[in-house]
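[1] predicted model, plus sequence, below.
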Amino acid sequence: MLHWVVELKKLGWEGMLIERLRFHGGLTIKEVAEETGVSQQTVKKHVEKLVDLGRAKWGYNNDPDELGAVRIEGVMKWQ
């Protein structure tokens, strides 16, 4: 948990989430909440910003009643 919190302080929400998505390939809201120590609602709010920016996408388990099961996947930006 400590390294996630350090990354969060250093990179901010967007940077930390993008780095974690690159490393893990995908995450759940529940995983991010447990590793950062914040609520699932807070994590969802920050992930929704990334989705709106096109930097992440919701995976196959997008069920709003099951926040912990929502999969977040990074979107590769090819140059």
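    Cool, the structure landed. Numbers count the residues shown, from 1 in each chain.
[2] pLDDT of the lengthiest helix in the chain, averaged?
    Assignment by DSSP state H gives helix 2-24 as the longest helix of the chain. For helix 2-24, the mean pLDDT works out to 90.
[3] repeat for stretch 57-70
    57.
[4] one more: stretch 32-44?
    Mean per-residue pLDDT for stretch 32-44: 93.
[5] thinking again about what came up before, strand partners of the helix or strand just after the longest helix of the chain, parallel vs antiparallel please.
    Once the chain leaves helix 2-24, the next helix or strand it forms, by DSSP states H and E, is strand 26-28. If you go by DSSP bridges, strand 26-28 pairs up with strand 71-74 (antiparallel).
[6] so which bits of stretch 50-63 are buried?
    Going by neighbour count (16 or more other C-beta atoms under 10 Å), the buried part of stretch 50-63 is 50-51, 55-56. C-beta coordinates here come from the backbone N, C-alpha and C atoms, glycine included.
[7] can you lay out the residues you listed as a markdown table showing distance to M1 and secondary structure?
    Output for the buried residues of stretch 50-63, formatted as a markdown table (distance: C-beta to C-beta, whole Å; DSSP: H, G, I helix; E, B strand; the rest coil):
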| residue | distance to M1 | secondary structure |
| --- | --- | --- |
| L50 | 21 | helix |
| V51 | 24 | helix |
| R55 | 24 | coil |
| A56 | 21 | strand |
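[8] now, the most widely separated pair of these?
    Among these, the pair separated by the greatest distance (C-beta to C-beta) is V51 and R55, at 7.7 Å.
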